[in-house]
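*Asks:* following is a predicted model, sequence given first.
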Amino acid sequence: MTGQIAVTATEDLYCPRLQRLLGYWQAHRHGDALPGRDDIDPLEMAWILGDLSLIEVHRGAGGLRYRFRLIGSRVAARFGFDATGRWLEDFPGDTYRQHIGAAFAEVVARAVPFAERPNMVIDGILHNYEILRLPLATDGRKVDMLMIGADFSARQASR
């Protein structure tokens, strides 16, 4: 279990910027269909670009693989690793890499937004943030990309 919770409304999130990102994603849906990468305009998202990542989902005989297409500058700085253009297998930290892979797989399998608010030490690094993982699908159904927003500022312990 990754500690993720399915997100259905902006009120499910603490961070106002992640609430706005969820609203943006919802506004770009086509009825029940998921938005695709072509529906997302980075020029409309300047307010979160440094904390935004895009991850390609690749399906093959060996299962799912994830390639980091874009890593926001603040995300790369936070982790001390710019994964842009690299595969999840290249991400440092075995335990955290497995955690990320499981979280990605859940979003892909269920095709719904998920949020996570970890407060844990993994591979010697404190992870205390809020993250929103959103599925994108070129055909509206089969997830082929993830759009991820992160908030590394001090978050509320309770509502």
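*Replies:* Cool, got the structure.

*Asks:* tell me where the protein is predicted with low confidence.
*Replies:* 1-2, 120-127, 154-159 (pLDDT under 70).

*Asks:* can you pull out the strands in it?
*Replies:* 5-6, 52-60, 63-71, 114-116, 119-122, 125-128, 130-136, 145-151 (DSSP state E).

*Asks:* list the contacts for Ala83?
*Replies:* 68, 71, 76, 90-91 (C-beta atoms under 8 Å, 6 or more residues apart in numbering). Quick note: C-beta positions are derived from backbone N, CA and C, even for glycine.

*Asks:* sorry, back to before: quick one: closest of the strands of the chain to Arg17.
*Replies:* Within the strands of the chain, the stretch nearest Arg17 is strand 145-151; the backing value is 6.2 Å (C-beta to C-beta).

*Asks:* tell me what the closest one is packed against?
*Replies:* Under the contact criterion of 3 or more C-beta pairs under 8 Å, 6 or more residues apart in numbering; DSSP states H and E, strand 145-151 touches helix 16-27, strand 52-60, helix 73-79, helix 94-110, strand 130-136.

*Asks:* try 7 Å this time
*Replies:* Helices and strands touching strand 145-151, by 3 or more C-beta pairs under 7 Å, 6 or more residues apart in numbering; DSSP states H and E, are helix 16-27, strand 52-60, strand 130-136.

*Asks:* which of the ones you listed sits most buried?
*Replies:* Ranked by mean neighbour count, these are led by strand 130-136 with a mean of 24 (mean count of other C-beta atoms under 10 Å).

*Asks:* so it versus strand 145-151, what angle?
*Replies:* 160 degrees (axes from the mean of the first three to the mean of the last three C-alpha atoms, to 10 degrees).

*Asks:* direction included, what does strand 130-136 pair against?
*Replies:* Looking at strand 130-136 with DSSP bridges, its partner strands are strand 114-116 (antiparallel), strand 145-151 (antiparallel).
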